[in-house]
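In: Okay, here's the prediction I keep looking at, along with the sequence it came from:
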Amino acid sequence: MNLTSEFPCQPNRREYSRVKTVVPFSARVVPSEERESLLSRVSNQTAVDLGGLPEIQDQALAEWLSMINRKLDLILNTVGAQKLGFNALPVRQISISGGGLSFHSQEPFTRGDIVEVMMVLSAGTSVALYVYGEVVAADRRNDSFEIGLKFVAMGDEIREEICRFVFERERQILREKRG
């Protein structure tokens, strides 16, 4: 599947599509001793190789088993995300794109800080993510700060997850405007 043609989130004049949304979200500055091994990832995503499963000739049975397998994966991912604290994240407004995100914070951040973000993006299915960003903007706004992050230590798979979410959120906004 070529996501570059399917999702309009690729760079266009140095910008990605951006959307404002409300998601479970938290951010913390990464201490310098933790910075060497950063890599954005889906929380608790595990791959299990069950070996060569036999092909099932009965199409209806195969579909039922596939549905049960998807439900079991969802349950396992939900339990794993709860254990890691994703279910207790406060819900906050952010502005997100494939290149970074911005949010309001009561605590100050400094340009150049590396920040770990835990968030849950829901577009059809929910995905719990750890992403990392460098603070590129930290502006005082009355009694809070507006923080801008540029994503770092991020592979294509995670960026595509974010782009998929942005695309789906944009579609939802357009449907709401129409109707």
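Out: Structure received.

In: rest of the way, CA atoms for contacts and neighbours
Out: Noted.

In: Can you give me the neighbour number for the residue nearest to residue 90 when sequence neighbours are not counted?
Out: Spatial nearest neighbour of residue 90, chain neighbours left out: residue 24 (5.3 Å); criterion: Cα to Cα, 6 or more residues apart in numbering. By the other Cα atoms under 10 Å criterion, the neighbourhood of residue 24 contains 19 residues.

In: Test for you: state the pLDDT assigned to residue 24.
Out: Looking at residue 24, its pLDDT stands at 91.

In: what residues are up against it?
Out: Taking Cα atoms under 8 Å, 6 or more residues apart in numbering, we find residue 24 in contact with 86, 89-92, 119-121.

In: what's the following helix or strand after the longest strand seen in the chain?
Out: Counting residues, the longest strand found in the chain (DSSP state E) is strand 125-141. Toward the C-terminal end, the helix or strand that comes next after strand 125-141 (DSSP states H and E) is strand 144-152.

In: Going by neighbour count, list what's buried in that following strand.
Out: Residues of strand 144-152 classed as buried: 145-152 (neighbour count, 16 or more other Cα atoms under 10 Å).

In: Check stretch 17-27 too.
Out: For stretch 17-27, a neighbour-count test (16+ other Cα under 10 Å) marks 17-20, 23-27 as buried.

In: so what strands line up beside the longest strand of the chain?
Out: strand 41-42 (antiparallel), strand 114-123 (antiparallel), strand 144-152 (antiparallel) (DSSP bridges).

In: Relative to residue 170, tell me which of these wins on proximity.
Out: Closest approach to residue 170 among the strands paired with strand 125-141 is made by strand 114-123 (10.5 Å; Cα to Cα).

In: Make JSON lines out of the contacts of residue 24 and add pLDDT.
Out: Formatted as JSON lines, those follow (pLDDT from 0 to 100):
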{"residue": "86", "pLDDT": "67"}
{"residue": "89", "pLDDT": "86"}
{"residue": "90", "pLDDT": "89"}
{"residue": "91", "pLDDT": "91"}
{"residue": "92", "pLDDT": "94"}
{"residue": "119", "pLDDT": "93"}
{"residue": "120", "pLDDT": "89"}
{"residue": "121", "pLDDT": "89"}
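
In: nearest to residue 101, of those?
Out: Nearest member of the contacts of residue 24 to residue 101, counting by Cα to Cα, is residue 119, at 11.5 Å.
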